[in-house]
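Chemist: Fold the following for me, if possible:
(2 chains)
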Amino acid sequence: DAGITQSPRHKVTETGTPVTLRCHQTENHRYMYWYRQDPGHGLRLIHYSYGVKDTDKGEVSDGYSVSRSKTEDFLLTLESATSSQTSVYFCAISDHYEQYFGPGTRLTVT
Amino acid sequence: QQQVKQSPQSLIVQKGGISIINCAYENTAFDYFPWYQQFPGKGPALLIAIRPDVSEKKEGRFTISFNKSAKQFSLHIMDSQPGDSATYFCAAIGNQFYFGTGTSLTVIP
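Modeler: The predicted structure is shown next:
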């Protein structure tokens, strides 16, 4: 496996609370991504980063923010969690074309 | 708007048979087309990939066929095995990654 870890791996939270998911890489790849995976939708890009402090929105960015203060860490924050954000979240890294995925975080918002 | 359309949604194949998954795209700016394999509880893993200047790429039992004029590409799994049972995603890459919605493959012993 590529050196990607995600934490936590599982989380249950209540509607309206903020939640932060962490992605950590040891590969020194330039690009980092956050996806959510839902049945019938496949993988949808939330945000991505092309360098430290350089981020941009994906197709489903509403309700999410990201930060990248170090090459190895990419944080995803749900500012006020809603039930529609119950999903499995994957972090991915790449240098250009080939993406490598982390093990995922299963988030449940009750 | 779905950038990459994948079919079928699910597929059941007998052991030893051929599994075929199809994808179609519209944006001619895409220049790299990977396939990912995902087992339950795991992240997707890169399986095989092709560039649009090549019509076919083979790695072991896995083959990508690419039809640039039709804007379609497909994954063929020859001699399918129960261990191939997983979800497969196609993707198209330009300035961003776009994934298909996935195909759940079940190979029956």
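
Chemist: Which helix or which strand is home to the residue most central in space within chain A?
Modeler: Nearest residue to the geometric centre of chain A (CA atoms, centre = their mean): residue A:34, 3.1 Å. With elements taken from DSSP states H and E, the one containing residue A:34 is strand A:31-38.

Chemist: what's the answer for residue B:63, then?
Modeler: strand B:62-67.

Chemist: Point out where chain B drops to low pLDDT.
Modeler: For chain B, applying pLDDT under 70 flags the ranges B:1.

Chemist: ok, whatever residue of it ends up closest to chain A - contacts?
Modeler: Closest residue of chain B to chain A, CB to the nearest CB: residue B:43 (3.4 Å). In short, each C-beta sits where N, CA and C put it, glycine included. By CB atoms under 8 Å, 6 or more residues apart in numbering or on different chains, residue B:43 lies in contact with A:4, A:90, A:92, A:101-104.

Chemist: Over to residue A:61?
Modeler: A:46-47.

Chemist: Do I have it right that residue B:106 meets residue B:11?
Modeler: Yes - with contact defined as CB atoms under 8 Å, residue B:106 counts as touching residue B:11 (7.2 Å).

Chemist: For those two, indicate the residue with more neighbours.
Modeler: Per other CB atoms under 10 Å in any protein chain shown, whichever of residue B:106 and residue B:11 has more neighbours is residue B:11, with 17 against 14.

Chemist: what's the helix or strand for the more buried one?
Modeler: strand B:10-14.

Chemist: circling back to that earlier point, could I get the buried residue list for the strand holding residue B:63?
Modeler: For strand B:62-67, the neighbour count (16 or more other CB atoms under 10 Å in any protein chain shown) marks B:62-66 as buried.

Chemist: Nearest to chain B: which residue in chain A?
Modeler: residue A:101 (3.4 Å).

Chemist: residues in contact with that residue?
Modeler: A:2, A:4, A:90-92, B:36, B:43-45.

Chemist: Likewise for residue B:21?
Modeler: Contacts of residue B:21 (CB under 8 Å, 6+ apart): B:6-8, B:11, B:74-75, B:88, B:90, B:103, B:105.

Chemist: and the longest strand seen in chain A, how far out from the chain's middle?
Modeler: Looking across chain A with DSSP state E, the single longest strand is strand A:42-51. Remark: strand A:42-51 is offset 7 Å from the chain centroid, using CA atoms, centre = their mean, to the nearest Å.

Chemist: repeat for stretch A:89-96
Modeler: On CA atoms, centre = their mean, the centre of stretch A:89-96 falls 9 Å from the chain's centre.

Chemist: and the gap between residue B:61 and residue B:87?
Modeler: 18 Å (CB to CB, to the nearest Å).

Chemist: Same check on residue B:4?
Modeler: 15 Å.

Chemist: With neighbour numbers in mind, choose between these two.
Modeler: Applying other CB under 10 Å to residue B:4 and residue B:87 shows that residue B:4 carries more neighbours, namely 22 against 19.

Chemist: who are the neighbours in contact with that one?
Modeler: Residue B:4 neighbours (CB under 8 Å, 6+ apart): B:23-25, B:90-92, B:98-100.

Chemist: so which of those also contact chain A?
Modeler: Filtering the contacts of residue B:4 for proximity to chain A by CB under 8 Å from any CB of the partner chain leaves B:99-100.
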